[in-house]
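S.K.: Just a sequence and a predicted model for now, questions to come.
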Amino acid sequence: MGSVTDIAQAVVDVLLTHADVEYGSVSDFAPAVQAQKIAVLAVPFGQSSTGEPETMDPTMVTLTHRLRIEFWCKHTQGKTADTSQRARDIATEAIALLMVNDGEGYELSTGPFEETIDPALVQFNQASWLVSTLTVPVRNVIAVGD
């Protein structure tokens, strides 16, 4: 399997198939202005990784990464219920999408998925956003010395 960035891109590509996700990036730290519902960002902030040698082959190492995926849910004035529902539901829907597509450029790990929703709206580009963050456990095996 490829680099962590390649794995994150594969995860974002799957999430872009969700009907409400209009923008996705592994390199941006904020949503695109044109997003009207949800922008998905695989940000490096708070990402963690662990490595463990394979017991059957000491030249191989299993890496487990906890990718932080942010779902920026755009808030439209007067539509609080829509914003709240998107922020609450997107993580569950994303987990289902990722599980169905496991093996498409990433491999899910046995660790837990974790979701948090920001305690308040975020103001960016003259718009309000409610950010739901999903931690996605993925793994890859690399050869020592590669």
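M.R.: Cool, got the structure.
S.K.: So, low pLDDT: which residues of this structure?
M.R.: For the chain, residues meeting the criterion pLDDT under 70 lie at 1, 146.
S.K.: how about the helices of it, start to end?
M.R.: 4-15, 80-100 (DSSP state H).
S.K.: Just the buried positions in the last one, please.
M.R.: In this case it means helix 80-100. Within helix 80-100, the residues scored as buried using 16 or more other Cβ atoms under 10 Å are Thr83, Arg86, Ala87, Ile90, Ala91, Glu93, Ala94, Leu97, Leu98. Backbone N, C-alpha and C define where each C-beta goes, glycine included.
S.K.: now, which of the residues you listed sits nearest Lys37?
M.R.: Nearest to Lys37 out of the buried residues of helix 80-100 is Arg86 (Cβ to Cβ; 6.7 Å).
S.K.: mind checking how far the closest residue to that closest one other than its chain neighbours is from Thr83?
M.R.: What sits nearest to Arg86 in space, not counting adjacent residues and going by Cβ to Cβ, 6 or more residues apart in numbering, is Cys73, at 4.3 Å. For Cys73, the distance to Thr83 equals 6 Å [Cβ to Cβ, to the nearest Å].
S.K.: Over to Asp102?
M.R.: Counting by Cβ to Cβ - Asp102 and Thr83 are separated by 30 Å.
S.K.: Leu15 now?
M.R.: Where Thr83 is concerned, Leu15 sits at a distance of 18 Å (Cβ to Cβ).
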